[in-house]
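*Asks:* What shape does this take:
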Amino acid sequence: MPLLELAQWPVAALAFGLFVSALIIAGAGTLLTGRADEIADRTGWGEAAVGAVLLGGATSLPGIVTSVAAAAQDHPSLAISNAIGGIAVQTAFLAVADITYRRANLEHAAASPANLTQGALLVTLLAIPLLAMSAPEWSVLGVHPATPLLIGGYLYGVHLINAAKVAPMWRPRLTRETQTDETASKPPEPARRGEKNGTRLQLEFAIFATITAVAGYAVSQFGITLADRTALTETAVGGLFTAVATSLPELVMALAAVRRGALTLAVSGIIGGNAFDTLFLAFSDIAWRDGSLYHRFNDQNVFVVALTILMTGALLLGLLRREKLGFAGIGFESTLIIALYLGSIALLFG
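*Replies:* Residues are numbered from 1 along each chain as shown. A predicted model of the protein is given here:
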């Protein structure tokens, strides 16, 4: 969908197109979750492995496509705000999932060394763009040194997370509400009569993943045009509209995991996905060929990064404090996260 074809659309039609694209992403994300669960059972890989590799990568496709497309079309602020705004809204989604779990505070039940390691990795990776924007504007073939540092830091962080799962040096105190992380894979289940075979499941998964990617590209085009045609800044459009639209699969995944009782998977899926989403900045820096993307950070972009670090810090404090049951069924950290996110929306629009 070339940008020129949208230039003459009314603003209401652009907003409706963005809304429809978001619905497609949410619907395809729901189907992706179901197919991933069936693949995990059929192959014996386990929900954690399939969720981290297949589902995590597929649900990130809309955000990757949106940020990279915006950067390639010379809209660096939209690319940046979509990447970091997605991390912020996905953290808020975790607080929403906490509200739906009435037995105990989600951060109490899902405390684990791996989740704490993922949160620490996320804060570390978010600091790299801030350092890059404050450093000299260096680039090699149009790529800033912070880009390979982000990618390398993420890969090393994944190694540390795996070590925390396989051989943790300490464990949280077990309570009746604590959900342990089951890492053992189940044996493969043969297909029963009338069920889809493994090849068909994988093909459907690939189709739904492609649909989310195409819808993500549509979101980028509608977002770019809305920023051009309205008084909203690219940071506001990216940090709110496109970030929320492309993050809907993560909300679906978290709510589905909580409903199944896979609480550790819900928390690790959000935090781990957030750590991966910092790579959107690296991919966008490569796609934007006019120098360092990090030196196109504006005050609003820095605000969103700082907000995301603050929200992640609140989440980590909740995992450490492990409040059993807070006010109205949610802990202090979820209440704080929601308040911070809603307050940031008011400030961005103000």
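
*Asks:* Find the nearest non-adjacent residue to L255, please.
*Replies:* A97 (5.7 Å; CB to CB, 6 or more residues apart in numbering). Where C-beta positions appear, they are placed from N, C-alpha and C, glycine not excepted.

*Asks:* so where do the strands sit in the stretch 251-350 of the chain?
*Replies:* Per DSSP state E, counting those that start in this stretch, the stretch 251-350 of the chain carries no strands over any range.

*Asks:* Please, where are all the helices along the stretch 101-250 of the chain?
*Replies:* 106-109, 113-134, 146-166, 198-229, 234-236, 243-260 (DSSP state H, counting those that start in this stretch).

*Asks:* and among the ones you listed, the most buried is which?
*Replies:* Comparing those on average neighbours per residue, with mean count of other CB atoms under 10 Å, the densest one is helix 106-109 at a mean of 27.

*Asks:* so who does I84 touch?
*Replies:* I84 is in contact with 126, 239, 281, 301, 304-305, 308, counting by CB atoms under 8 Å, 6 or more residues apart in numbering.

*Asks:* Report the two of these separated the most.
*Replies:* Within these, L126 and G239 form the most distant pair, 14.4 Å apart (CB to CB).

*Asks:* in stretch 24-36, what's buried?
*Replies:* 24-33, 35-36 (16 or more other CB atoms under 10 Å).

*Asks:* Dump those residues into JSON lines; add pLDDT as well.
*Replies:* Shown next, in JSON lines, are the buried residues of stretch 24-36 (pLDDT from 0 to 100):
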{"residue": "I24", "pLDDT": "89"}
{"residue": "I25", "pLDDT": "85"}
{"residue": "A26", "pLDDT": "83"}
{"residue": "G27", "pLDDT": "84"}
{"residue": "A28", "pLDDT": "82"}
{"residue": "G29", "pLDDT": "75"}
{"residue": "T30", "pLDDT": "75"}
{"residue": "L31", "pLDDT": "81"}
{"residue": "L32", "pLDDT": "77"}
{"residue": "T33", "pLDDT": "71"}
{"residue": "R35", "pLDDT": "78"}
{"residue": "A36", "pLDDT": "75"}
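
*Asks:* From those, pick the one nearest A92.
*Replies:* Using CB to CB, the buried residues of stretch 24-36 come closest to A92 at A26, 15.9 Å.

*Asks:* Next, give phi and psi for the closest residue to R229 other than its chain neighbours.
*Replies:* Spatial nearest neighbour of R229, excluding adjacent residues (CB to CB, 6+ apart): V11 at 5.6 Å. Here is the backbone geometry of V11 (degrees, to the nearest 10): phi -60, psi -40.

*Asks:* Quick check: V11 vs A227, distance?
*Replies:* 11 Å (CB to CB, to the nearest Å).

*Asks:* do the same with I161
*Replies:* From I161 to A227 the distance is 36 Å (CB to CB).

*Asks:* before we move on, what about G261?
*Replies:* 41 Å.

*Asks:* before we move on, the earlier item: tell me which helix or strand the residue nearest to L255 sits in.
*Replies:* helix 76-100 (DSSP states H and E).

*Asks:* Report the contact partners of T233.
*Replies:* 77, 227, 300.

*Asks:* Just send the residues you listed back as TSV, with distance to L348 too.
*Replies:* Shown next, in TSV, are these (distance: CB to CB, whole Å):
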residue	distance to L348
S77	12
A227	13
Q300	7
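
*Asks:* Output the residues you listed in a markdown table; the columns should cover pLDDT and distance to A7.
*Replies:* Below are the contacts of T233 laid out as a markdown table (pLDDT from 0 to 100; distance: CB to CB, whole Å):
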| residue | pLDDT | distance to A7 |
| --- | --- | --- |
| S77 | 88 | 19 |
| A227 | 82 | 13 |
| Q300 | 85 | 25 |
